[in-house]
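Asks: prediction below, plus the sequence it came from.
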Amino acid sequence: MMSQKKETAILVLTLVITLGLMGAVYWWLNRYGFNFGSFSNNQAQQVEQSNINNFAEVQNIPSGLFSYGGSTTWAPIRKEVDSAIQTVFPKFQLRYTDPTSGAPGSGSGIKMLLNNQLAFSQSSRSIKDEEYQQAQQRGLTLREIPVAIDGIAIAVNPNLNIPGLTIAQVKDIYIGKITNWQQVGGPNLPVTPYSRRVGEGGTVEFFADNILEGGKFGAGVEYIPTTTEALREVAKNTGGIYYASAPEVVGQCTVKPLPLGKTADKLVPPYQEPFVPLSQCLQKRNQLNSAAFQSDEYPITRRLFVIVKQNRERDQQAGETYAKLLLTNQGQELIAKAGFVRIR
């Protein structure tokens, strides 16, 4: 009798452990984008593998008004893509929505998504672990779908005579270790680093995590609320420096994008060579160095994501549809027209 009880206890314990392992595997698969049973035709056919040519060929487009928001880096893409989508699918209505408080950005977009204020969001950085955890606490999973390649460009004043910077030098400037341009082969001139505040955008968070490697901005950093204002300050200040999404910097006529490198002997420009002098900028703009971004030769690249809330409802369908449209050949062409680099 005792033997039977022991065997029963062992069987029950084994069953509990097996169910626990199955639950952990299910959570892991959901966390990293594997979804079980969506209303989509077949979720196993990944959105990322889209080989569709035109918007019109995409099927199962939801009808209704869908709010979305997030990254300010995405603004040029929104301008090119949304009107084209509306022309083909007028019943798939898209509305960009700003947060009720604070600045718009990748983080605020994900927060609004979790608070059911958006159907999907746009991000210039990956989802953070704490955001995955917040979603799980709400009974949701988040999925990031990469749709474009971007890079971070460094802007300086056109009158600053310097060939470029290494990533380590950029870091040292922003943590306050380098305070004079003379320290990096430039003139005897104080460095004025500009930045938006951490939490005000995915670009700042990406920069802090990947360039500062989790370090804090130095006391000498001057905080500016928008990229437009920061570039205006750099254009007025010979010692100024700012970082932003490459399409926001490379084609400008008032600032100069710097070549960057992991080492000083291999500096790669974010623009196509030869550099177009800013005196000719109104007639002929500098273009993005797409080849260096795609090959990862340029040292600071990242991906842009559509963030989808996997709730097996219309919000999920809207986010997956938007991503699928962007991954068609037509969508990728419009992304390139907006100044970013095709992901496929």
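Replies: Ah, there it is.
Asks: now do the helices in the stretch 101-250 of the chain.
Replies: Taking DSSP state H, counting those that start in this stretch, the helices of the stretch 101-250 of the chain run over residues 106-114, 129-137, 167-175, 202-210, 227-236, 246-249.
Asks: using PDB, write out every CA atom in the fourth one.
Replies: The C-alpha atoms that make up helix 202-210 are tabulated as PDB, following Å, rounded to 0.1, in the frame of the first residue of the first chain:
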ATOM      1  CA  GLY A 202      13.900  55.600 -28.500                       C
ATOM      2  CA  THR A 203      17.000  57.200 -30.100                       C
ATOM      3  CA  VAL A 204      18.200  58.600 -26.800                       C
ATOM      4  CA  GLU A 205      17.600  55.200 -25.100                       C
ATOM      5  CA  PHE A 206      19.400  53.400 -27.900                       C
ATOM      6  CA  PHE A 207      22.300  55.800 -27.600                       C
ATOM      7  CA  ALA A 208      22.500  55.500 -23.800                       C
ATOM      8  CA  ASP A 209      22.400  51.700 -23.900                       C
ATOM      9  CA  ASN A 210      24.700  51.100 -26.900                       C
END
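Asks: which residue lies nearest the spatial centre of this protein?
Replies: In the chain, the centroid-proximal residue (CA atoms, centre = their mean) is S124; its distance is 1.2 Å.
Asks: surely that residue and A75 touch.
Replies: No - checked against CB atoms under 8 Å, the pair S124 and A75 is beyond contact range at 10.8 Å. Glycine gets a C-beta too; all of them are placed from N, C-alpha and C.
Asks: any residues in contact with both of those two?
Replies: Shared contacts of S124 and A75 (CB atoms under 8 Å, 6 or more residues apart in numbering): none.
Asks: dump the residue contacts of the closest residue to K256 other than its chain neighbours.
Replies: In space, and not counting its chain neighbours, K256 is closest to P158: 4.7 Å by CB to CB, 6 or more residues apart in numbering. By CB under 8 Å, 6+ apart, P158 lies in contact with A235, T254, V255, K256, L278.
Asks: likewise K111?
Replies: Going by CB under 8 Å, 6+ apart, K111 touches P99.
Asks: next one: K91, what pLDDT does it get?
Replies: pLDDT, K91: 98.
Asks: and for Q134?
Replies: With respect to pLDDT, Q134 scores 97.
Asks: thinking it is in contact with L114, fair?
Replies: Yes - applying CB under 8 Å, one finds Q134 in contact with L114, separated by 5.7 Å.
Asks: which one of the two has more residues nearby?
Replies: Comparing Q134 with L114 by other CB atoms under 10 Å, the one with more neighbours is L114, at 19 against 16.
Asks: hang on, the earlier thing: can I get the helices of the stretch 101-250 of the chain in TSV including distance to E333?
Replies: Converted to TSV, the helices of the stretch 101-250 of the chain look like this (distance: least, CB to CB, whole Å):
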stretch	distance to E333
helix 106-114	24
helix 129-137	31
helix 167-175	31
helix 202-210	24
helix 227-236	25
helix 246-249	15
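Asks: now for those helices, which one comes closest to Q310?
Replies: Set against Q310 and scored by CB to CB, the helices of the stretch 101-250 of the chain come closest in helix 129-137, at 8.7 Å.
Asks: residues of stretch 205-221 that come out buried?
Replies: Going by neighbour count (16 or more other CB atoms under 10 Å), the buried part of stretch 205-221 is E205, F206, F207, A208, I211, L212, F217, G218, V221.
Asks: report the distance from it to the chain centre.
Replies: Averaging C-alpha positions (CA atoms, centre = their mean, to the nearest Å) puts stretch 205-221 17 Å from its chain's average.
Asks: give me the contact list for that stretch.
Replies: Residues outside stretch 205-221 that contact it (CB under 8 Å, 6+ apart) are 106-107, 124-125, 152, 167, 170-171, 174-177, 179, 191-195, 198-199, 243, 300, 302.
Asks: now which of those residues would you call buried?
Replies: Buried by 16+ other CB under 10 Å: 106-107, 124-125, 152, 167, 170-171, 174-176, 179, 191-195, 198, 243, 300, 302, out of those.
Asks: that's a helix at F293, yeah?
Replies: Yes - under DSSP: H, G, I helix; E, B strand; the rest coil, F293 falls within a helix.
Asks: count of residues packed around it?
Replies: Per other CB under 10 Å, the neighbour tally for F293 reads 22.
Asks: pLDDT score for it?
Replies: 95.
Asks: quick one: residues contacting it.
Replies: Neighbour list for F293: I149, D150, G151, A246, P270, T301, V341 [criterion: CB under 8 Å, 6+ apart].
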